[in-house]
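Chemist: What follows is a predicted structure for the sequence shown.
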Amino acid sequence: MTGAVLPRLLRPRALTSGDLVVIAALSGPLHAAYEPDLEQAVVVLERMGFRVRRAPLLEAGRHHWWSAATPAEIAREFNALLRDPEVRAIIAHDGGQTALGYLDLIDVEAIVADPKPILGYSDISLLHLVLYARTGLVGFHADLATPGLGGAWQAAPAARRAELERLYSPLLTGTEAIGALPTSPSWECWRAGRAEGRLIGGVINRIVLAQATPYALPLEWFDGAVLFWEEMGGQASYVWSYLQVLRHCGILDRISGMVVGVPHAIDGLGTPGASPTLPEMVLDVLGDRDIAVLGNVEFGHAGPNLPMPVGIRVGLDAQQRTLSLLEPAVRPPVTTEQRPPRPDRWPG
């Protein structure tokens, strides 16, 4: 389908050397055992040239149920970071099960006034989708701080770590399109074809949940889009059910391409006689829709993440196993003189 009125992208300002990046507990708590991983994440960000600070709620042992704090407390800290002109990017410490509790408490006016990169995946997928729907903000579906930069990156071969740093740095600081993302032998063509459109997605269960809120993306925004998704945990049948929801609500009738991440810890997937493989499941639900599908791409819970910036235009060639970012995720930075003065005190 064509002719959709798409939102004007709200690109954050590009970061420059010495800019402040804050690691925040936007969902789950910090367990003391993962303090070394968080410290390693700080090292990675500093090596990229940024100053790094931890937000106050990111304190080992602090928690409220399964969250770092109550939704209202997390929203209050998140909003303070959004309003602080010294903070140039926010990276989530971890995922979890909390973002649904404060979607209605986010200061969207602060985002429009001073958009900044928000990085993370898993539960943070909700923030990317909802903030894109409400403001047009480009969402940085990228590695979390503690399990990602400080965990999966450190377990990866040195060459892969260097490759990721070379990718993330220009993503945040460059104003030219990155182009083709680095491929790997794991990438698979599940249905041949080409597509070009806005990149929209995240964890598939969060896509479904986001569409059930008042902040759902208008269906027209999926016209011609490249939908990316991954899943972690649960049953294979759950994934099939989520895909069916996307079919019922009309999303699968509108997209032009699909990129599927490496599945992680999904019970029963590909069990002979009991469950299909993931490609079989996807193609079964898609039916005869002419949608290019590239599978087993490294983003999400299965390991170090390739960045998937929500909202920017991408090019997909499933048969050639290529995915290209066709426009930058950030806009040129302003000079220090152009930045608004920092107030003595922010409300809320």
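Modeler: Alright, I've got the coordinates.

Chemist: which stretches of the stretch 201-348 of the chain have low pLDDT?
Modeler: Along the stretch 201-348 of the chain, segments meeting pLDDT under 70 span 335-348.

Chemist: buried stuff in stretch 256-267?
Modeler: Buried residues in stretch 256-267, counting neighbours by 16 or more other CB atoms under 10 Å, are found at 256, 257, 258, 259, 260, 261, 262, 263, 266. Every C-beta, even on glycine, is put in place using the N, C-alpha and C of the backbone.

Chemist: what pLDDT does residue 6 get?
Modeler: Residue 6 is assigned a pLDDT of 79 by the prediction.

Chemist: so who does it touch?
Modeler: Contacts for residue 6 (CB atoms under 8 Å, 6 or more residues apart in numbering) come out as 198, 221.

Chemist: host element of it?
Modeler: Residue 6 is part of no helix or strand, with elements assigned from DSSP states H and E.

Chemist: Offset the numbering so it begins at 386, please.
Modeler: Got it, the first residue is 386 from now on, which makes the last one we talked about residue 391.

Chemist: What's the end-to-end length of stretch 441-448?
Modeler: 12 Å (CA to CA, to the nearest Å).

Chemist: How about residues contacting it?
Modeler: Residues from elsewhere that reach stretch 441-448 (CB under 8 Å, 6+ apart): 408-410, 414-417, 420, 423, 453-454, 458-459, 462, 478.

Chemist: could you pull out the strands for the stretch 436-585 of the chain?
Modeler: 436-439, 472-477, 503-505, 524-526, 564-565, 573-576, 579-588 (DSSP state E, counting those that start in this stretch).

Chemist: Please save the CA atoms from the longest one in PDB.
Modeler: What that stands for is strand 579-588. Below are the C-alpha coordinates for strand 579-588, written out as PDB (Å, rounded to 0.1, in the frame of the first residue of the first chain):
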ATOM      1  CA  ARG A 579      13.500  -6.400  -2.000                       C
ATOM      2  CA  ALA A 580      11.900  -3.700   0.100                       C
ATOM      3  CA  GLU A 581      12.600  -0.100   1.100                       C
ATOM      4  CA  GLY A 582      10.700   1.700   3.800                       C
ATOM      5  CA  ARG A 583      10.600   2.900   7.400                       C
ATOM      6  CA  LEU A 584      12.100   0.500   9.900                       C
ATOM      7  CA  ILE A 585       9.600  -0.400  12.700                       C
ATOM      8  CA  GLY A 586       9.800  -3.100  15.300                       C
ATOM      9  CA  GLY A 587      11.200  -4.500  18.500                       C
ATOM     10  CA  VAL A 588      10.400  -7.600  20.600                       C
END
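
Chemist: Pairing partners for it, with directions?
Modeler: strand 611-615 (parallel), strand 698-702 (antiparallel) (DSSP bridges).

Chemist: and among those strands, the most buried is which?
Modeler: Comparing those by mean neighbour count (mean count of other CB atoms under 10 Å), strand 611-615 ranks first with a mean of 26.
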